[in-house]
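Trainee: This is a predicted model, with the sequence first.
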Amino acid sequence: MSTSDDDGCNTPSHTTLVSNTESVEGPLSSGIESSCPWPGCKYIIRETESKLVIALKDGGLDLYALPTKETVNYDLGLYWNCCMENEKMWLGFKNTVSAAYMGHSDRQSCWRFQATQLSHGERESFCARQHHDGGYVLLVKHGSGFLPMKAGGKAATELVVDNDRK
């Protein structure tokens, strides 16, 4: 994935399945693989090119470096439980620390992603589509179609909706 606004689909496109027994002290970056998001599983969601992961820190949802054994950061909420709590089969991602769902602000001029809602509503609903370069693209509903999540904003570490892909 690229973080420029000029090319292709700029979406954090890889999810990493995490076993329930994996400890934070283990080598988090070892064994990273692409896995289709599925309800009932736990994931680390990462942007493929930069290797940054989607995480909560001080209530803000952004992209951060994946901690290693040497750089453990207990302030990062980087694990996401995938769920499907509505009858329309939309996926939701619930943070394991805050219990808040990843969602978007729905300000169409400047959509930003956040994790503030404790319920799985329309703004916290995603569709995962396999990317031709590998991994998966997280899409949100927009009118009768979808728009992808992408890295953007300051230093390309903010999560925004790619409005240019209409």
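Mentor: Cool, the structure landed.
Trainee: all strands for the protein, in order.
Mentor: Counting by DSSP state E, the chain has these strands, from start to end: 14-18, 42-46, 53-57, 60-64, 80-83, 92-95, 101-104, 113-117, 127-130, 136-142, 145-152, 158-161.
Trainee: Can you name the residues in contact with the fifth one?
Mentor: With Cβ atoms under 8 Å, 6 or more residues apart in numbering as the contact definition, strand 80-83 has outside contacts at 37-45, 54, 91-96, 102, 120. Just so you know, the C-beta spots here come from the backbone N, C-alpha and C atoms, and that holds for glycine as well.
Trainee: circling back: between the strands of the chain, which one is closest to Tyr74.
Mentor: Closest to Tyr74 of those is strand 53-57 (Cβ to Cβ; 10.6 Å).
Trainee: For that closest one, report the contacting residues that lie outside it.
Mentor: Strand 53-57 has contacts (Cβ under 8 Å, 6+ apart) with 12, 44-47, 61-66, 75-78, 80, 95, 97-98, 100, 102, 115, 159.
Trainee: same deal with stretch 155-162?
Mentor: By Cβ under 8 Å, 6+ apart, stretch 155-162 touches 3, 9-12, 50, 52, 54, 61-64, 104, 110-113, 140, 142, 147-153.
Trainee: Okay, now the unreliable bits of this protein?
Mentor: Within the chain, the stretches with pLDDT under 70 are 1-32, 108-109, 165-166.
Trainee: could the strands of the chain go into TSV alongside distance to Glu33 and mean neighbour count?
Mentor: Below are those laid out as TSV (distance: least, Cβ to Cβ, whole Å; neighbours: other Cβ atoms under 10 Å):
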stretch	distance to Glu33	mean neighbour count
strand 14-18	7	21
strand 42-46	11	22
strand 53-57	14	23
strand 60-64	19	18
strand 80-83	15	21
strand 92-95	18	22
strand 101-104	21	24
strand 113-117	24	19
strand 127-130	14	15
strand 136-142	12	21
strand 145-152	20	21
strand 158-161	22	22
